[in-house]
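[1] model the following, please.
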Amino acid sequence: MLTLSQVAKNCFDQILDLFSIIGKAIPQFDAMRQSFPDDEQFAIYLSSFYADILDFHLATLKVWRRSGRRSEGVLEYVTFWASLT
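    As a prediction, this is how the structure comes out:
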């Protein structure tokens, strides 16, 4: 049986993994932008990805602030994002 601290650590590790995936994708977005420099529709489409990334970061910050950086906040955060997928 997992203890709360193990669950919190697993959740925190998953969040860090997500940040890593996002970080690796950003250069690819820039390469795509450079491939279509004059395409306004593509720029709008790409901006939605950047907006989602910012929303993800803001949601993370809100949960951490609300939880006082307790492990319950991490668990709440991961549970929330898992419910969206």
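
[2] isn't residue 60 up against residue 15?
    Yes. With contact defined as C-beta atoms under 8 Å, residue 60 and residue 15 form a contacting pair (6.8 Å). The way it works is simple: take the backbone N, C-alpha and C, and place the C-beta from them, glycine included.

[3] quick check: longest helix of this protein.
    Taking DSSP state H as the criterion, the chain has its longest helix at helix 4-35.

[4] next structured bit after it?
    Remark: after helix 4-35, the chain's next helix or strand is helix 40-67, criterion DSSP states H and E.

[5] mind listing what's buried in that next one?
    46, 53, 60, 63 (16 or more other C-beta atoms under 10 Å).

[6] let's have the residues you listed in CSV, adding distance to residue 11.
    Supplementary listing: the buried residues of helix 40-67 in CSV, determined by distance: C-beta to C-beta, whole Å:
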residue, distance to residue 11
46, 30
53, 20
60, 12
63, 11
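
[7] will you turn those residues into a markdown table that also has distance to residue 35 and pLDDT?
    Conversion of the buried residues of helix 40-67 to a markdown table gives the following (distance: C-beta to C-beta, whole Å; pLDDT from 0 to 100):
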| residue | distance to residue 35 | pLDDT |
| --- | --- | --- |
| 46 | 11 | 88 |
| 53 | 19 | 85 |
| 60 | 30 | 79 |
| 63 | 36 | 71 |
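
[8] nearest to residue 22, of these?
    Distance from residue 22 was checked for each of the buried residues of helix 40-67 by C-beta to C-beta. The minimum falls on residue 53, at 5.7 Å.

[9] not counting its neighbours along the chain, what's nearest that closest one?
    Residue nearest to residue 53 in three dimensions, not counting chain neighbours: residue 22, with 5.7 Å by C-beta to C-beta, 6 or more residues apart in numbering.
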